[in-house]
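Novice: fold the following, please.
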Amino acid sequence: MFGGCTYSFKGGSVPPHLKTIAIPIMEDQSGYGDPALRDLFTQKLVERFTNDNTLQLTDRNTADSILEGVIRMLRMRL
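Specialist: As a prediction, this is how the structure comes out:
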């Protein structure tokens with residue numbers, strides 16, 4: 001679900017100069033058709049960072065870091 005992310009919620013470390021993070025609504029390019037998907041995915045991601053308690057959530061204008069992403073459909077080739 002978090003393919004391509006380099007941050008780990010278990011055993012990972014954040015550079016010491018990063019204290020805050022902004023997580024804007026993710027863009028949905030999945031074609032899944034659920035209009036709530038981007039909000040739900042972003043909400044779950046925010047919950048993970050909140051529960052991890054390593055970085056404090058803030059707005060884009062004051063954040064040390066910004067997590068932006070795109071939701072895409074995973075296509076497997078056999």
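
Novice: strands of the chain, residue ranges please.
Specialist: Using DSSP state E, the strands of the chain run over residues 20-22, 27-28, 56-57, 65-66, 70-71.

Novice: in JSON lines, list these along with distance to Asp39, mean neighbour count and mean pLDDT.
Specialist: To be clear about C-beta, it is placed using only N, CA and C from the backbone, and glycine gets the same treatment. Formatted as JSON lines, these follow (distance: least, CB to CB, whole Å; neighbours: other CB atoms under 10 Å; pLDDT from 0 to 100):
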{"stretch": "strand 20-22", "distance to Asp39": "16", "mean neighbour count": "17", "mean pLDDT": "96"}
{"stretch": "strand 27-28", "distance to Asp39": "9", "mean neighbour count": "16", "mean pLDDT": "93"}
{"stretch": "strand 56-57", "distance to Asp39": "16", "mean neighbour count": "12", "mean pLDDT": "94"}
{"stretch": "strand 65-66", "distance to Asp39": "18", "mean neighbour count": "14", "mean pLDDT": "94"}
{"stretch": "strand 70-71", "distance to Asp39": "11", "mean neighbour count": "14", "mean pLDDT": "92"}
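
Novice: out of the ones you listed, nearest to Arg38?
Specialist: Closest approach to Arg38 among the strands of the chain is made by strand 27-28 (4.1 Å; CB to CB).

Novice: just the helices in the protein please.
Specialist: 37-52 (DSSP state H).
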